[in-house]
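Asker: With the sequence up front, the predicted model follows.
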Amino acid sequence: MMAENTTVETEIADEEIETVAEETARMAQHVVAAYAEDADECRMLLSMLGISPAAKLD
């Protein structure tokens, strides 16, 4: 017997999202950069995680 596919949609309000500390973001950037295949992938992953250097300029 196979398990039934279920998805739960969860919406998160903007006020519930917390920004990460500067030091934590910098460490995460280093880890992502170390494992990314190339610069484009690194930029994409950093952007998806919300820790890209460009995100700080906004």
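Answerer: Alright, I've got the coordinates. The structure displayed is predicted, hence computed values, not measured ones.
Asker: tell me the contacts of the residue nearest the centre of the chain?
Answerer: Geometric centre of the chain, nearest residue: residue 49, 1.3 Å, by CA atoms, centre = their mean. The contact partners of residue 49, taken as CB atoms under 8 Å, 6 or more residues apart in numbering, are 28, 32. C-beta coordinates here come from the backbone N, C-alpha and C atoms, glycine included.
Asker: how near is it to residue 32?
Answerer: 7 Å (CB to CB, to the nearest Å).
Asker: From the structure, what's the count of residues near residue 15?
Answerer: Residues lying near residue 15 (other CB atoms under 10 Å) number 6.
Asker: Could you do residue 27 as well?
Answerer: Neighbour count of residue 27, defined by other CB under 10 Å: 13.
Asker: and it, what element?
Answerer: Element membership for residue 27 (DSSP states H and E) is helix 22-35.
Asker: tell me the average confidence for that helix?
Answerer: If you average the pLDDT over helix 22-35, you get 94.
Asker: what helices or strands is it leaning on?
Answerer: Counting contacts by 3 or more CB pairs under 8 Å, 6 or more residues apart in numbering; DSSP states H and E, helix 22-35 is packed against helix 39-49.
Asker: Quick check: the gap between residue 52 and residue 34.
Answerer: Distance of residue 52 to residue 34, computed by CB to CB: 16 Å.
Asker: Same check on residue 19?
Answerer: As judged by CB to CB, residue 19 and residue 34 stand 23 Å apart.
Asker: Which residue of the two possesses the greater neighbour count?
Answerer: Each of residue 19 and residue 34 has its neighbours counted (other CB under 10 Å); residue 19 has more, 11 against 8.
Asker: and residue 12, which of the three is it?
Answerer: Three-state assignment for residue 12 (DSSP: H, G, I helix; E, B strand; the rest coil): coil.
Asker: tell me the pLDDT at it?
Answerer: Residue 12 is given a pLDDT of 76.
Asker: Run a quick neighbour tally on it.
Answerer: 7.
Asker: before we move on, what about residue 37?
Answerer: By other CB under 10 Å, the residues close to residue 37 number 8.
Asker: rewinding a little: quick check: buried residues in the helix holding residue 27?
Answerer: Residues of helix 22-35 classed as buried: 25, 28-29, 32 (neighbour count, 16 or more other CB atoms under 10 Å).
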